[in-house]
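*Asks:* quick one, structure for this:
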Amino acid sequence: VTKTKTLGADDFLPIFIFCFVQAKIERPQALCALLQTMCDPAKMNGETGYYLSSFHAAMTHIHEDLDLSEVNDELAIFLESS
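*Replies:* All right, here's what the predicted structure looks like:
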């Protein structure tokens, strides 16, 4: 018998942050602002809003909460350019 573990929101954000960094998005703040502007306000309370909020939370965590003295040069360059 195989047991399947369901991932919740607390599991999603660290995975999303990892993917966010690996994606090497140029100008993530500009992309976030564009997505917020283009998003239908009626959809902001649903799945679309959840993922947009997750994008913003990941970006904020990377910029404000990480100790840059412990990250590699590639990530530091990414953070400084955004």
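*Asks:* which parts of the protein are helices?
*Replies:* Using DSSP state H, the helices of the chain run over 9-23, 28-38, 47-64, 73-81.
*Asks:* which regions of this protein lie under the pLDDT threshold?
*Replies:* Applying pLDDT under 70 to the chain flags the ranges 66-82.
*Asks:* now render the helices of the chain as a markdown table, adding mean neighbour count.
*Replies:* Just so you know, the C-beta spots here come from the backbone N, C-alpha and C atoms, and that holds for glycine as well. Listed next are the helices of the chain as a markdown table, based on neighbours: other Cβ atoms under 10 Å:
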| stretch | mean neighbour count |
| --- | --- |
| helix 9-23 | 12 |
| helix 28-38 | 13 |
| helix 47-64 | 15 |
| helix 73-81 | 12 |
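*Asks:* of all the ones you listed, which lies closest to Lys3?
*Replies:* Nearest to Lys3 among these is helix 9-23 (15.7 Å), distances taken as Cβ to Cβ.
*Asks:* run through the neighbouring helices and strands of the closest one.
*Replies:* Counting contacts by 3 or more Cβ pairs under 8 Å, 6 or more residues apart in numbering; DSSP states H and E, helix 9-23 packs against helix 47-64.
*Asks:* who touches the helix it packs on?
*Replies:* 12-13, 16-17, 20-21, 28-29, 32, 35-36, 39-40, 43-44, 79, 82 (Cβ atoms under 8 Å, 6 or more residues apart in numbering).
*Asks:* same question, stretch 38-46
*Replies:* Contacts to stretch 38-46, defined as Cβ under 8 Å, 6+ apart, come from residues 48-49, 52.
*Asks:* would you turn those into TSV with distance to Thr60?
*Replies:* As requested, those are exported to TSV (distance: Cβ to Cβ, whole Å):
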residue	distance to Thr60
Thr48	19
Gly49	16
Leu52	13
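*Asks:* gap between Ala42 and His63?
*Replies:* Separation of Ala42 from His63 (Cβ to Cβ, to the nearest Å): 29 Å.
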